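Q: pasted the sequence and its predicted model underneath.
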Amino acid sequence: MKEYIEERAVAIANYIIDHNATVRQTAKRFGISKSTVHKDVTDRLEHINPSLASKARIVLDVNKSERHIRGGLATREKYQHRLQICSKDAEEP
C-alpha cells in the first residue's frame, strides 16, 4: 500500500475518534468520498494499526446506530422551518 494512503487512513481514524465524526462529516473534511472513508477505516486501517481501527469502528458503530434519530430530527427541523415561513406569510397584509 502506498504511504500516503496509510497516512490518510490514520489521519481519518484520528479525526473520527477526536471529533466523534460521522463518515459524511469526515469525507467532507478530507475532500474524499464516503466510500473511501469507509474503506480506509474498515479495511486498510486493520492492516496498518488494528487498535486504532477498533477505536474508530466503535465511534462509527455508535453513529450508525443513531443515524435514524438524526434523520428524524433533521426532518422535524425542516418542517418547523417551513411552518414558520408559512405563518409569517399569512400574517403579512
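A: That came through fine. Keep in mind that what you see is a predicted model, and the values were worked out from it rather than measured. Residues are numbered from 1 along each chain as shown.

Q: residue 57 versus the residue most central in space within the chain, what's the distance?
A: For the chain, residue 22 is the residue whose C-alpha lies nearest the centre (C-alpha atoms, centre = their mean; 1.8 Å). Computed as C-beta to C-beta, to the nearest Å, the residue 22 to residue 57 distance reads 13 Å. Glycine gets a C-beta too; all of them are placed from N, C-alpha and C.

Q: determine the longest helix present in this structure.
A: Ranked by residue count and defined by DSSP state H, the top helix of the chain is helix 50-91.

Q: mean confidence score for it?
A: In this model, helix 50-91 has a mean pLDDT of 81.

Q: other SSEs contacting that helix?
A: helix 3-19, helix 45-48 (3 or more C-beta pairs under 8 Å, 6 or more residues apart in numbering; DSSP states H and E).

Q: any idea which of these gets closest to residue 80?
A: helix 3-19 (27.1 Å; C-beta to C-beta).

Q: just the buried positions in that closest one, please.
A: 6, 8, 9, 10, 12, 13, 15, 16 (16 or more other C-beta atoms under 10 Å).

Q: dump the residue contacts of the third one.
A: Residues in contact with residue 9, defined by C-beta atoms under 8 Å, 6 or more residues apart in numbering, are 40, 41, 44, 45, 48.

Q: which non-adjacent residue is nearest it?
A: Nearest residue to residue 9, sequence neighbours excluded (C-beta to C-beta, 6 or more residues apart in numbering): residue 40, at 4.1 Å.

Q: find me the pLDDT at that neighbour, would you?
A: pLDDT, residue 40: 94.

Q: look up how far residue 10 lies from it.
A: Residue 40 is 9 Å from residue 10, by C-beta to C-beta.

Q: ditto for residue 35
A: From residue 35 to residue 10 the distance is 18 Å (C-beta to C-beta).

Q: same check, this time on residue 60
A: 15 Å.

Q: doesn't residue 53 make contact with residue 46?
A: Yes - the criterion here is C-beta atoms under 8 Å, and residue 46 meets it with residue 53 at 4.9 Å.

Q: who has more neighbours out of these two?
A: residue 53 (21 against 14; other C-beta atoms under 10 Å).

Q: now do the more buried one against residue 14, distance only.
A: Distance from residue 53 to residue 14, by C-beta to C-beta: 11 Å.
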